[in-house]
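Asks: Sequence and predicted model, in that order:
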Amino acid sequence: MEAGGRLRGEARAVSQEVSLAFFDTNVLLYMYDDDEPQKKVRAIEVFERAVEDNLAVLSTQVLQEFYVNATRRLAVPLSPERAAARVRDFARLPLVRVDEAMIIAAIERHRSMSFSFWDALVIEAALKAGSERLLTEDLQHGQRIEDLTVENPFREGA
């Protein structure tokens, strides 16, 4: 995936080896953020491990957000061509396509649980994928949402 090289077999918990991991946009963006070198290394490590283990899942929303933010909000933005190439790479992974039912469910979750609409849509996509882990720094680490557990891969001791 260009951001870093393949990592070799680190020990990891059995539960993480068999749990699908849904990646929020912020984790993908950190793989290209030279202003956050520690987060960059960690994002690459976590993402590449999940890809190697065939456990990484994304959504069309995450791809869209990645392209927009990678070309506008990084300290050194990616060129539109490079960002598009990364989106094409990411799109090879298992991908949840946002549909009208997910949008309605996200609106309901937003209204009932005080998540932003966009976070609620990410949650709905992760649940639809059957993911047990949602990797993001935008929500509370350890929070359980139905069968989904929020994990912040950048927290101290992660």
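Replies: Yep, it's here. Note that the coordinates shown come from a computational prediction; the quantities given were computed from them, not determined experimentally.
Asks: The spatially most central residue of the chain: what's it in contact with?
Replies: Nearest to the mean C-alpha position of the chain, counting by Cα atoms, centre = their mean, stands residue 23 at 1.7 Å. Going by Cβ atoms under 8 Å, 6 or more residues apart in numbering, residue 23 touches 47, 50, 56-58, 62, 135-136. Just so you know, the C-beta spots here come from the backbone N, C-alpha and C atoms, and that holds for glycine as well.
Asks: ok, residues contacting stretch 83-90?
Replies: Taking Cβ under 8 Å, 6+ apart as the rule, stretch 83-90 contacts 1-2, 28, 32, 58, 62-63, 66-67, 70-71, 78.
Asks: May I have it as PDB, with CA atoms only?
Replies: Output of stretch 83-90 as PDB, limited to C-alpha atoms (Å, rounded to 0.1, in the frame of the first residue of the first chain):
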ATOM      1  CA  ALA A  83      -4.800  10.000  -3.600                       C
ATOM      2  CA  ALA A  84      -6.900   8.400  -6.400                       C
ATOM      3  CA  ALA A  85      -4.300   5.600  -6.800                       C
ATOM      4  CA  ARG A  86      -4.600   4.900  -3.000                       C
ATOM      5  CA  VAL A  87      -8.400   4.900  -3.200                       C
ATOM      6  CA  ARG A  88      -8.100   2.300  -6.000                       C
ATOM      7  CA  ASP A  89      -5.800   0.200  -3.800                       C
ATOM      8  CA  PHE A  90      -8.100   0.500  -0.800                       C
END
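Asks: for that stretch, the distance to its chain's centre please.
Replies: 14 Å (Cα atoms, centre = their mean, to the nearest Å).
Asks: cool, and stretch 70-85?
Replies: The chain centre lies 17 Å from the centre of stretch 70-85; the measure is Cα atoms, centre = their mean.
Asks: can you put the contacts of residue 23 in CSV and add neighbour count, distance to residue 122 and pLDDT?
Replies: As requested, those are exported to CSV (neighbours: other Cβ atoms under 10 Å; distance: Cβ to Cβ, whole Å; pLDDT from 0 to 100):
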residue, neighbour count, distance to residue 122, pLDDT
47, 24, 16, 98
50, 22, 16, 98
56, 21, 14, 98
57, 23, 11, 98
58, 24, 10, 98
62, 27, 7, 98
135, 24, 10, 98
136, 23, 7, 97
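Asks: Kindly present these as a markdown table, with separate columns for distance to residue 123 and secondary structure.
Replies: As requested, the contacts of residue 23 are exported to a markdown table (distance: Cβ to Cβ, whole Å; DSSP: H, G, I helix; E, B strand; the rest coil):
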| residue | distance to residue 123 | secondary structure |
| --- | --- | --- |
| 47 | 19 | helix |
| 50 | 18 | helix |
| 56 | 17 | strand |
| 57 | 13 | strand |
| 58 | 14 | strand |
| 62 | 12 | helix |
| 135 | 12 | strand |
| 136 | 9 | coil |
